[in-house]
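[1] okay, here's the prediction I keep looking at, along with the sequence it came from:
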Amino acid sequence: MTTALLVIDLQQEFARRTAAGLPRSNPGAEARITELLGLFRARGLPVVHVHHDDPDPAAPFRLDGPGGQPMPCAAPLPGEPVHVKHGSSGFVGTGLEAGLRAAGITRLVVIGAAVNYCVDSTIRGAANLGFDVLLPADATFGFGVTGPTGRQHDADEVLSVILGSLAGDFAEITTAAAIPARL
């Protein structure tokens, strides 16, 4: 089984939100992300990036603007594929599936942000396409949301619900420390 690290939307807009004090889950996620990138690169395993480019010219996630640039902890190296998406799932409108299949990749270790948007959508898409998915919960993060009734859901609650929703049917929830033994 060939395993790739799939890095989702680790772009400067998320770093800006964190620096502005917006509460988020997993404040140590960048360290786990750095560790996993180092592990995959040291072992010569594939690293694949997905970046968001919002079609709205005023949106903060524009590749031609500061918010669309990669976070330093997850900047692609030369030769690492970068797939650009314009919606939530990394599999819609990109060459991601074709690129993974051409490389013989059958299992994905998924890291990135935001857990309740693009990470969730991409994992569900991957599982529906037949990929085996490992999600190190400590190498992803998200922010709180307001529900349709106005109830505030904090970032840790959102993370817990998303992980619970993905567990079993879509992904195996694990930790970054457990990944080396799985490769």
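    On my side now, so go ahead.

[2] so how far is Leu183 from Pro70?
    Using CB to CB, to the nearest Å, Pro70 is found at 24 Å from Leu183. No exception for glycine: its C-beta is placed from N, CA and C like everyone else's.

[3] secondary structure element for His51?
    Using DSSP states H and E, His51 sits within strand 47-52.

[4] sheet partners, orientation included, of that strand?
    strand 2-8 (parallel), strand 82-85 (parallel) (DSSP bridges).

[5] show me what whatever helix or strand comes next after the last one is packed up against.
    Secondary structure here is assigned by DSSP H and E; on that basis, the next helix or strand after strand 82-85 toward the C-terminus is helix 96-102. In terms of contacts (3 or more CB pairs under 8 Å, 6 or more residues apart in numbering; DSSP states H and E), helix 96-102 is packed against strand 47-52.

[6] restricting to C-alpha, output the strand it packs on in PDB.
    In PDB, the C-alpha atoms belonging to strand 47-52 read as follows (Å, rounded to 0.1, in the frame of the first residue of the first chain):
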ATOM      1  CA  VAL A  47       3.600  14.700  -0.200                       C
ATOM      2  CA  VAL A  48       0.700  16.300  -2.100                       C
ATOM      3  CA  HIS A  49      -0.700  19.700  -1.400                       C
ATOM      4  CA  VAL A  50      -4.200  21.200  -2.000                       C
ATOM      5  CA  HIS A  51      -4.600  25.000  -1.900                       C
ATOM      6  CA  HIS A  52      -7.800  27.000  -2.000                       C
END
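
[7] what residues does that strand touch?
    4-9, 11, 37, 40-41, 61, 63, 68, 70, 74, 76-77, 80-86, 90, 94, 96, 99-100, 112, 118, 122 (CB atoms under 8 Å, 6 or more residues apart in numbering).

[8] with stretch 117-135 instead?
    Residues contacting stretch 117-135 (CB under 8 Å, 6+ apart): 1, 6, 8-9, 50, 52, 85, 88-92, 97, 100, 105-110, 112-113, 140, 142, 162-163, 165-166, 169-174, 179, 182.
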